[in-house]
Every structure is written in structure tokens, then in C-alpha cells.
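>>> Sequence first, predicted coordinates after that:
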Amino acid sequence: MKIISYILLVTILCSYSLLGQTKKDAFNNTKNAVVKIIASELPEIGFRSSSGSGTGYITSSDGYIITNHHVIDGAVVINAIVNNGDTKDTIPAYPLWSDSDMDMAVLKIDKTNLPYLEFAKQDEIKLGEEVLALGYPGGSDDIKVTWGIISGIPNDSTLNTTAALNGGNSGGPCINLDGKVVGTIYAKQIAISVEGTGFLRSVDYAAKVIENAKKATATYEEITGTKSQLAYKELCAAEAAFISIKYYQDDEKEEEFLNKALYHVGKSIEHDADYILAYFFKASFELYYAFYYCESNDKIKSAAYAKDFDISIRKARKLDVAEGKYDRYNASIDVQLEEFLDGYEVDCAEWNELVEKAKNSLDKRDDRMKDFDNYIKYGKRPEMLSDAIGSEISYKDSEKRTNYGIQFGVTYTNGIEYQEYNSQTGDYYWIKKDINKIVTGGFYYNSNKFGFGLKLLQCDIRDESKIGIGGHLRLFNYLLDFNVTSSYLLNPENPIVAFNYISDGYYSTTAGYKIGIGLHNLGDLSGDYSFKEKLSINAELKAIDFSFGGRPFFAMLFKTLIVPGNYMSTGIQFVIHTHSN
């Protein structure tokens, strides 16, 4: 009996060895070599996200990591979250090599004695072989695993799998039951007639990219934006601390990690005083703090950090003038959020309203998805669609917030023709005056829904000067203009009365337009023209708006007016104005 028992035991052990590990064992033995990649272009402030996450896997004990090119494309700082038993370490990672065509990249972290994955042999991978796909789909904090088979081996550098893949799996490994990598996840085909085929980059190609990375000739500065490895690592540490905020909901933890982020970005600048990207990150952290204290109604601290933001962003832009390498940061860093700053003061009420709308939008996300699903299945109009863009709606509202001030401008128009009456001969004859000047000055007030304004006009036309008054009344996006002169006057700038439509941003600090139709005064001959002949079409484009001391100060408006069949005038108005938002 003992001999039979030994034979059975050996048979079981040999069978296990031949069949490989169980799926559970394969997963548990490899999961610590799979890392979450967080790639950040700029810190996430407010509702603007400029960071993404994906998956990577360690291929050597000294920290070489494979991931996808699209996971890290455009990133300034990259961190790898490495499983270390019951804890997780966030480690700065810098790219050594990347290929956009094959969508593969290699990162390096400065850590040794790491768990790592080995590659299976390409010619031993079989159709129908069971595989596990590992990764962090949907930005998950914990590693996930799905099961499938190798469903296709095309004659190229790819494999197909039936394992379920989702956003965030990108760059992760697909392993066999021996725990060896059979492919790197990089894409998934989705269509009505396709169940969802996953694509893997072959192990032969993955093995080559490590060698390519070790031979890469790009300098550290080209890769990271600084010659100092310590400066780059501190910047990664700053972003890692900032990212930690979203994992904690209480205010004490948020403030703790904000302080930590500012500490590390300060250390980064100590190591490299001309590190342009570090100043952009510092500015973003400080702007976040300005809004953070705004939400907690601490206006003194909010204003202090708003001032620090202004100093940092000016420094970053000044440093980048010579290089011009980071135009996308100059153009995009918190431009919308700067709209909430008036000098060094944050518009807390406006900001808190925006935060509340965004939170409500997120709270109703599941209901919106059900609403949209009913639209797809049954054609029912999604009633909650407007909530889906909650923060965008509130931002558009902010473009028409209260502003008031004085306005002064000068317009020079051209191409004016009019008829003059000769009392001696009784004939009319045409006179053309190429340049006509109109000076305006007045005040205006605009709330979110209503506005009005009054102005004085001095019109220098026909070699004489006339004085008039004008004004406007606004209700939402509709505007009624009126102008009165001291006598009948050919006025190419202002119809007697006009009904206009204006864009949302016209009375804010952004570009806008005004277009409408008006009743025009044709001068002494106005009685000889029919009502239709006195109608004019007017358009106005506000194309430039400069600020001074944090306040809108100077604008340029391009104007066109047409009286069909009679004349057309064009002009430019330079406006000096003030706003209070």
C-alpha cells in the first residue's frame, strides 16, 4: 500500500508540474511585479484633468518597466506605484525609450531587488492557451485580473486574446499559467459586430524594447526637462503627494498632502533654479491652495496663495521665453481658473457655486447613464443631459457675471458716400468722404441677465461736428441700441435704433460678437427714402482684450455697417474700460 501511495503522490505532483500553476497561483505569484503608472502633464486643479493612469510591469530586478507609449505621452512627471507586500510605494519613473508606432515604452525606477516577470518563448505560445490579463483598469487603486485564451496569432508583432480588457489595462502584461509574459496589452477592438478582441504586442518585440532602451542616446534633460535627477525626482514626489489628496476626504489630510507637494516642488527648484516645469507645477499647487482656502472661507490665506501663484506663473513664463518649448503650458495652465481671480482676490462665491454644481453633476452620474441608456434603447429624450456637462454650463454662466465701468473709444470709419443738395440749381450730387471720426464715452452695467448703458457721441462728419447721446438695454443675449444726434446727421457708426443679438462673452473679458439690424438715419434726405431703404445691418467683433493689474483694461472692436443699396462703412474702435467681476 505504501508503494501505491508514493506512486499516486508522485503522479499528482508530476501532473501539477505538467499542467502548470492554477490561475489563482499564477496571479498571486506575479501581481507584485505589475505596477500602476500615473503620468501627469500638469496637476489637476478644479475640474481640469491633465493626468492619466495605466499599467506597466517590471522586467528586471533593477527596475526596468514596460508600458505603452500612449500611457506616458505628453507627461511631465511619471510615478510608478509598486506593491511592497501590504504597502505600496510611489516611485519616480523616467522614460528611457518610446515608440509611438508600436505603442511601447520603457521606464526606469531607481530601486533594486524588485520582483519581475520573465518572457515566454514566442514559438511556444499556442492558439487556445489560457492567459490572465493583469492591470489597473479604470484607474483602479487595486490590481485586477481577467481570464481568457489566445484567440489569434497573426503573422506580425501582435497576438489576440479573449480576456476582458478595459481602459487602464494599457501597458499591462498578459501571462500564461506558468506566470510568464506572452504579450503586452495595448489595444482593444470595439464595434457592433465585434465582441471585443484584445490586442497584445508580442514578447519578441517586448524583449527588444528593453535592449533599445539601454542603448537610447537621449539625454536626461531632453527626457525630463532638467539636467538634475534630484530636481526631477523631487517634482515627481511633489505630484505623488498631490495625487494622494484624492484618496483622502477629510480636510486635515488634504492640507497635509498639499503642504507636502509644495515642500517637494520647492526642493526641486532648489536643485535646479531654472527648472521651467517645476515653476508651472508650483503655480498649479498654489492656485489649488487659493481655491482650497476660498472654499473654507479663509480669504486672507486664499489671497496670499493667489499672489504666490501669480509670482510663480510669471517666473515660469519668463524662463520659457527663450526656449519656447512649453507653449502648451503657457497657453493652457489654468486659463479658465484665472477667470476667478481679480488681482489677488478669489471670487469665492462664484467658485463655490461652480464646485457645488460639479459635485451635483457627479452625484447624478449613475442616473444620467440610466437616462442615456433609455435613450439608446427606447428613443426617450435624456432629460438629465444638461447635467452631464455641469461645470461647463456654470463656466458659461460666469462669462456673463456682473461687470460695470466707464468706456471711452474712438472710431474711424471709411467709404461713406452721401448726397448733397444744391439749393441754387435744385440738383443733388454725390460727395464721398473717406474718413469720418466718431468719439464715444459713457458708462455701462451688466448683470447675469440684465444690462444697460449710456454714452455721449461726437460725430465729425461733413466737416462739422455734432453731439448726440446713445445707450442700450440688454435682456439675456438681446440688446436694444438707441442713438440720437442734435440734428439729422449721416451717422455711419450708429443706427437710430437697432435690435442686436450678442454672444455670451461679449461683456466679459473674452472675445465676443454683436450682430443685428437697425433703422438708420440717412441725413437730410431721410424723408426721400422708404422704410426698407433705411434699414441697416450692423456687426461688431470684440477680438482683443488686454488686462492691466489683473483687470480688463483695453479692448479692440471691429465694426461693419451696411445700408443695402446705399453704403457700407467699416471701422475699428479702441476702448478703454474697467470691469468689476
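That came through fine.
>>> Counting by contacts, list what the one helix or strand Gln458 maps to packs against.
Following DSSP states H and E, one finds Gln458 within strand 450-461. Contact partners of strand 450-461 among helices and strands, from 3 or more C-beta pairs under 8 Å, 6 or more residues apart in numbering; DSSP states H and E: strand 403-422, strand 427-446, strand 464-475, strand 478-485. Yep, even glycine has a C-beta here, placed from its N, CA and C like the rest.
>>> could you redo the last one with a cut-off of 7 Å?
strand 427-446, strand 464-475 (3 or more C-beta pairs under 7 Å, 6 or more residues apart in numbering; DSSP states H and E).
>>> The nearest residue to Ile125 once chain neighbours are set aside: what's it in contact with?
In space, Ile125 comes closest to Val182 once its chain neighbours are excluded; the distance is 5.2 Å by C-beta to C-beta, 6 or more residues apart in numbering. Counting by C-beta atoms under 7 Å, 6 or more residues apart in numbering, Val182 touches Ala120, Ile125, Val131, Ile150, Leu159, Cys174, Ile175, Asn176, Val203.
>>> Show me which positions of the longest helix belonging to the chain end up buried.
Longest helix in the chain by number of residues, with DSSP state H as the criterion: helix 299-323. For helix 299-323, the neighbour count (16 or more other C-beta atoms under 10 Å) marks 302-310, 312-313, 315-317, 319-320 as buried.
>>> Return the closest of the residues you listed with respect to Ile58.
Ala316 (34.2 Å; C-beta to C-beta).
>>> what's the spacing between that closest one and His520?
51 Å (C-beta to C-beta, to the nearest Å).
>>> returning to that earlier point: tell me the strands beside the strand holding Gln458, with direction?
strand 427-446 (antiparallel), strand 464-475 (antiparallel) (DSSP bridges).
>>> can you map out the strands along the stretch 101-250 of the chain?
Assigned by DSSP state E, counting those that start in this stretch, the stretch 101-250 of the chain shows strands spanning 104-109, 130-135, 144-152, 158-161, 173-176, 181-191, 194-202.
>>> Select from the helices and strands packed on strand 450-461 the stretch with the lowest mean pLDDT.
Here the lowest mean pLDDT among these goes to strand 427-446, at a mean of 67.
>>> lowest-confidence helix or strand of this protein?
Lowest on mean pLDDT, DSSP states H and E among the helices and strands of the chain sits helix 390-398, with a mean of 34.
>>> who does Asn500 bridge with?
Leu479, Gly516.
>>> Over to Trp147?
Leu132.
>>> Neighbours of it, how many?
The local packing of Trp147 (other C-beta atoms under 10 Å) involves 14 other residues.
>>> Can you give me the separation between it and Asn169?
13 Å.
>>> how about the helices in the stretch 151-300 of the chain?
203-214, 220-224, 229-243, 251-271, 276-295, 299-323 (DSSP state H, counting those that start in this stretch).
>>> got the contact list for the second one?
Meaning helix 220-224. With C-beta under 7 Å, 6+ apart, helix 220-224 has contacts from Tyr94, Pro95, Lys227, Gln229, Tyr232.
>>> tally of neighbours for the fourth one?
Yep, that's Gln229 we're talking about. 14.
>>> And the pLDDT for it?
For Gln229, the model assigns a pLDDT of 89.
>>> Ok, the second one next?
The model reports Pro95 with a pLDDT of 88.
>>> Could you list which residues are in contact with Phe452?
Tyr445, Gly471, His472, Leu473, Arg474.
>>> Next, the angle from the longest helix of the chain to helix 251-271.
Here helix 299-323 runs at an angle of 30 degrees relative to helix 251-271 (axes from the mean of the first three to the mean of the last three C-alpha atoms, to 10 degrees).
>>> Can you mark which positions in stretch 163-176 are buried?
163-166, 168-176.
>>> Check the burial of the closest residue to Thr184 other than its chain neighbours by counting its neighbours.
Distances taken as C-beta to C-beta, 6+ apart place Arg201 nearest to Thr184, at 4.4 Å, with adjacent residues excluded. Around Arg201 there are 23 other residues, counting by other C-beta under 10 Å.
>>> Start and end of stretch 171-187, how far apart?
For stretch 171-187, the first-to-last residue distance is 9 Å (C-alpha to C-alpha, to the nearest Å).
>>> pLDDT averaged over that stretch - what is it?
91.
>>> before we move on, what about stretch 207-217?
Here the average pLDDT along stretch 207-217 is 83.
>>> Relative to Pro173, how far out is Thr158?
Thr158 is 15 Å from Pro173, by C-beta to C-beta.
>>> Which pLDDT value goes with Ser312?
88.
>>> So it sits against Phe285, correct?
No: Ser312 is beyond contact range of Phe285, at 8.7 Å (criterion: C-beta atoms under 7 Å).
>>> just to revisit the earlier point, most widely separated two among the contacts of helix 220-224?
Pro95 and Lys227 (16.1 Å).
>>> Look at the two and report which has more neighbours.
Each of Pro95 and Lys227 has its neighbours counted (other C-beta under 10 Å); Pro95 has more, 22 against 14.
>>> Now do the same contact list for the more buried one.
Per C-beta under 7 Å, 6+ apart, neighbours of Pro95: Ile72, Ile78, Ala105, Leu107, Ile223.
>>> I'd like to know how far the closest residue to Gly266 other than its chain neighbours sits from Thr226.
Excluding the flanking residues, the one nearest Gly266 by C-beta to C-beta, 6+ apart is Lys282, at 7.4 Å. Between Lys282 and Thr226 the computed distance is 14 Å (C-beta to C-beta).
>>> low-confidence ranges in the stretch 351-500 of the chain?
By pLDDT under 70, the low-scoring segments of the stretch 351-500 of the chain are 351-352, 354-355, 357-366, 368-369, 372-403, 412-436, 448, 461-464, 485-494.
>>> How about Val534: what's its closest non-neighbour residue?
Actually, residue 534 is Lys. It isn't Val. His520 (5.1 Å).
>>> and the gap between the one you found and Glu118?
83 Å.
>>> Who has more neighbours out of the two?
His520 (27 against 14).
>>> quick one: contacts for that one?
Pro495, Ile496, Lys534, Leu535, Ser536, Val563.
>>> Could I get the buried residue list for stretch 67-76?
In stretch 67-76, the ones that count as buried by 16+ other C-beta under 10 Å are Thr67, Asn68, His69, His70, Val71, Ile72, Ala75, Val76.
>>> ok, Leu42 touching Lys282?
No: the criterion here is C-beta under 7 Å, and Leu42 misses it with Lys282 at 11.2 Å.
>>> more neighbours, these two?
Counting neighbours by other C-beta under 10 Å for Leu42 and for Lys282 shows that Lys282 has the greater number, 27 against 23.
>>> Check what pLDDT that one gets.
pLDDT, Lys282: 91.
>>> and the closest residue to Lys301 other than its chain neighbours, how many neighbours?
Closest residue to Lys301 apart from its sequence neighbours, by C-beta to C-beta, 6+ apart: Tyr293 at 4.2 Å. When neighbours are counted by other C-beta under 10 Å, Tyr293 registers 21.
>>> Tyr293: what's it in contact with?
Lys301, Ser302, Tyr305.
>>> which one of those residues is nearest Ile467?
Ser302 (47.3 Å).
>>> From Ile313, how far out is the closest one?
16 Å.
>>> burial count for Asp25?
For Asp25, using other C-beta under 10 Å, the count is 13.
>>> Which of the helices or strands spans it?
With DSSP H and E as criterion, Asp25 is part of helix 23-30.
>>> What helices and strands are in contact with that helix?
By 3+ C-beta pairs under 7 Å, 6+ apart, helix 23-30 packs against strand 130-135.
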